[in-house]
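Trainee: Take a look and give me a structure for this.
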Amino acid sequence: MHLSLKESEFQSFSDLIFRYTGIRMTGKKKELIASRLFKRIVTHNCHSYGEYFDILKRDETGEEKKVFINLITTHVTHFFREQDHFQFIDKLLAKEETPPSKIWSAASSTGEEAYSAALVLHDRLGPGKWSVLGTDISTESIENAKEGFFPIEGSERIPEYYTKRYCLKGKQEYEGSFTFEKEIRFGVHFETMNLMHFSDLPGRFRPNIVFLRNVLIYFEQKEKQKIIDKIESMLPHGSILIIGHSESLNGIHHNFKLLQTSIYKKL
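Mentor: Purely as a prediction, here's the structure:
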């Protein structure tokens, strides 16, 4: 079956995506949206993208909305991505008399970022003295993160120092995967959350380091400002905000001081 996504249909989906996530899809994303939604077209035996849009609009349970968001949001991640950020945290923990101990991974995807941070925290501070919260808009990604098992190839991104101490190879039904020692897993928690529609963090979590990496690039200026305002309001003085190397806070009103590329400290 071959279907084309009409311009009017793309605009309807684009508006819906913006309403649900705060992310604005430009015309450059038209083919991406068409390909990602095609499987739902087939599942529902739709004869057009417009028919699927009508199904979304009539969705009273919210289940199709979850599937839709999972399909159109990007989940690219790996352990110790942009490794200099974790090296910065490791040095910070080593030199501070009262080191930061609570990290929020604000777009944690399937959990690799959160667990990378947990390894650094645990190694420096010890068991029970730290916590990590991972949140993401994708329910599917969060469920995978909660399971805590990852393809064995993913461990190649983790420095050998940590793999030898804290990683465990899966056995039987988990053959070909790995997980972490229980002291690591117990300190990491995951919850589904929309960055555009939250007033507080799950469990009233209060971080002093926030990973907001490779997130702002998907938002327009007004939405970027809204997100930064929320994060700044919940952080105590001296907290650290880390964004992606391809991002900046240029044009955003904030109360952060740039420490080094993509790393900020709240004044």
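Trainee: For His253, give me its contacts.
Mentor: By C-beta atoms under 8 Å, 6 or more residues apart in numbering, His253 lies in contact with Gln225. Glycine gets a C-beta too; all of them are placed from N, C-alpha and C.
Trainee: Kindly list the main-chain dihedrals of Pro236?
Mentor: When read as degrees, to the nearest 10, the backbone of Pro236 gives phi -70, psi 160.
Trainee: what's the nearest residue to it if we skip its chain neighbours?
Mentor: Spatially, and ignoring its direct neighbours in sequence, Pro236 is nearest to Asn208 (6.3 Å; C-beta to C-beta, 6 or more residues apart in numbering).
Trainee: Leu235 too?
Mentor: Lys266 (5.1 Å).
Trainee: ok, what's across the strand from that neighbour?
Mentor: Note on Lys266: beta-bridge partners by DSSP bridges are Phe256.
Trainee: Any figure for the gap between it and His254?
Mentor: 9 Å (C-beta to C-beta, to the nearest Å).
Trainee: And the two? Which one has more around it.
Mentor: Neighbour count, other C-beta atoms under 10 Å: between Lys266 and His254, Lys266 has more, with 18 against 15.
Trainee: residues contacting that one?
Mentor: Taking C-beta under 8 Å, 6+ apart as the test, what Lys266 contacts is Glu232, Leu235, Pro236, His237, Gly238, Ser239, Ile240, Leu241, Asn255, Phe256, Lys257.
Trainee: same check, this time on Ser246
Mentor: So Ser246 contacts Asn214, Ile217 (C-beta under 8 Å, 6+ apart).
Trainee: Where does it fall, secondary structure wise?
Mentor: Assigned by DSSP states H and E, Ser246 belongs to no helix or strand.
Trainee: and what of His189?
Mentor: strand 188-192.
Trainee: That strand: which residues count as buried?
Mentor: Of all the residues in strand 188-192, those buried under the rule 16 or more other C-beta atoms under 10 Å are Val188, His189, Phe190, Glu191, Thr192.
Trainee: Ignoring the adjacent residues along the chain, who's closest to the fourth one?
Mentor: Once its chain neighbours are removed from consideration, Glu191 has its nearest residue in Pro202; the separation is 4.1 Å (C-beta to C-beta, 6+ apart).
Trainee: My understanding was that the residue nearest to Pro236 contacts Gly238; is that so?
Mentor: Yes - because the distance of 7.4 Å satisfies C-beta atoms under 8 Å, Asn208 is recorded as touching Gly238.
Trainee: Got the phi and psi for the residue nearest to the spatial centre of the chain?
Mentor: Computing the C-alpha centroid of the chain and ranking residues by C-alpha atoms, centre = their mean puts Ala107 first, at 1.6 Å. Per-residue torsions, Ala107: phi -140, psi 70 (degrees, to the nearest 10).
Trainee: pretty sure it contacts Val210?
Mentor: No - using C-beta under 8 Å, Ala107 makes no contact with Val210, being 10.5 Å away.
Trainee: ranges for the helices of the protein?
Mentor: For the chain, the helices defined by DSSP state H cover 7-21, 30-43, 49-58, 63-72, 84-95, 112-125, 139-147, 160-166, 182-185, 221-234.
Trainee: Make TSV out of the ones you listed and add mean neighbour count.
Mentor: Formatted as TSV, the helices of the chain follow (neighbours: other C-beta atoms under 10 Å):
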stretch	mean neighbour count
helix 7-21	16
helix 30-43	16
helix 49-58	16
helix 63-72	17
helix 84-95	16
helix 112-125	24
helix 139-147	18
helix 160-166	14
helix 182-185	16
helix 221-234	16
